[in-house]
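Asks: Okay, here's the prediction I keep looking at, along with the sequence it came from:
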2 protein chains.
Amino acid sequence: MARSSTTSDVFNALAEADRRAILSLLIVGEKPVGQIVMDLSMSQPQVSKHLRVLSQVGLVKSRPDGRHRLYRLEPQPLQPMRDWLAKFEQAINSRLDRLDDYLQELQGQGDSQ
Amino acid sequence: MARSSTTSDVFNALAEADRRAILSLLIVGEKPVGQIVMDLSMSQPQVSKHLRVLSQVGLVKSRPDGRHRLYRLEPQPLQPMRDWLAKFEQAINSRLDRLDDYLQELQGQGDSQ
DNA sequence: CGGATATATACCGATATCGGAATATGTGGT
DNA sequence: ACCACATATTCCGATATCGGTATATATCCG
């Protein structure tokens, strides 16, 4: 048993930097696969495979356009991730947290793992 | 070559649901390993391993407390993820986007694979 | 010091992922 | 129908991950 599953979970889909890059590219609008291949200097099959994963989790949708296929961003599935992160807002912004930072800067923090 | 790396990237660390659960637990405050084991009904080695990964990406820090070791949340490394998500705010909130939703609700959305 | 509790690490097998190369599918133009 | 272009899929080897079990390390207590 390796990682829980992958193509069913947005967190997992976004664990790959290349896939994040693809999504970022698509913010500006629809793009054909070939364009992504050029923009990111990745192999065509690699891009297709990543697009497939992104498709499966619903982060992109596609439509045919001549011999091209245009992929577009579908941002709704990002919501669970946004929700999850939101839970940490308070911790991130808390006064205590910054105090922690400060103290750790002062002392040579010996710790972790 | 499998996934780029794992223990160096926050996105990757959070690809595992169990690790997200651990972080969520720690929002309320420091906890010893055993407490996490009980709360999440996971095996002790499993929890220790997940904590190690979280440690490596800086999402938790620990301090000894008698024979226990208290782990606490360190939310700063979440920032890159927040930043990355922020890029999609506009797309998520856009009018067109909601229109998309609407249209997809109306039609039995047939698309994508 | 010896035993008990708490946590970390090592080892293992199963599995899923990734990238590359080759190939299949599909579409348009002539 | 055929050829070129665009994309998807399959097959493959390498690798990293995960969970389990067993064991090591550490700390406290008597």
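Replies: Right, received. Where do you want to start?
Asks: Pick out the residue closest to the middle of chain A.
Replies: The structure's chain A has its C-alpha centroid closest to residue A:14; by C-alpha atoms, centre = their mean the separation is 3.4 Å.
Asks: Can you report how many residues lie near residue A:75?
Replies: For residue A:75, the count of nearby residues is 23 (other C-beta atoms under 10 Å in any protein chain shown). From N, CA and C alone the C-beta is placed, and that goes for glycine too.
Asks: repeat for residue A:69
Replies: 16.
Asks: about what we covered before: the residue nearest to the centre of chain A and residue A:81 touch, don't they?
Replies: Yes - here residue A:14 reaches residue A:81: they are 7.3 Å apart, a contact under C-beta atoms under 8 Å.
Asks: For the two, list the residues in contact with both.
Replies: The overlap between the contact sets of residue A:14 and residue A:81 (C-beta atoms under 8 Å, 6 or more residues apart in numbering or on different chains) is empty.
Asks: does stretch A:32-43 come close to chain B?
Replies: No - figure legend: stretch A:32-43 not in contact with chain B (C-beta under 8 Å from any C-beta of the partner chain); closest approach 13.0 Å.
Asks: Mind checking if that stretch is in reach of DNA strand C?
Replies: Yes - Stretch A:32-43 is in contact with DNA strand C by C-beta under 7 Å from any atom of the strand, via A:42, A:43.
Asks: Wondering if that stretch reaches DNA strand D at all.
Replies: Yes - Stretch A:32-43 comes into contact with DNA strand D (C-beta under 7 Å from any atom of the strand), by way of A:32, A:33, A:34, A:37.
Asks: which intervals of chain A have sub-threshold pLDDT?
Replies: Flagging of chain A using pLDDT under 70 yields the residue ranges A:1-7, A:95-98, A:100-101, A:104-105, A:107-113.
Asks: for chain A, what spans make up the strands?
Replies: Ranges of strands in chain A, per DSSP state E, are A:31-32, A:60-65, A:68-73.
Asks: For the last one, name the packing helices and strands.
Replies: Applying 3 or more C-beta pairs under 8 Å, 6 or more residues apart in numbering or on different chains; DSSP states H and E, one finds that strand A:68-73 contacts helix A:17-26, strand A:31-32, helix A:33-40, strand A:60-65.
Asks: quick one on the thing from earlier: report the two of the residues of stretch A:32-43 next to DNA strand D separated the most.
Replies: Farthest apart among these by C-beta to C-beta are A:32 and A:37. That separation is 9.1 Å.
Asks: Kindly provide the distance from the closest residue to chain B within chain A to residue B:13.
Replies: Nearest residue of chain A to chain B (C-beta to the nearest C-beta) works out as residue A:15 at 3.9 Å. Using C-beta to C-beta, to the nearest Å, residue A:15 is found at 9 Å from residue B:13.
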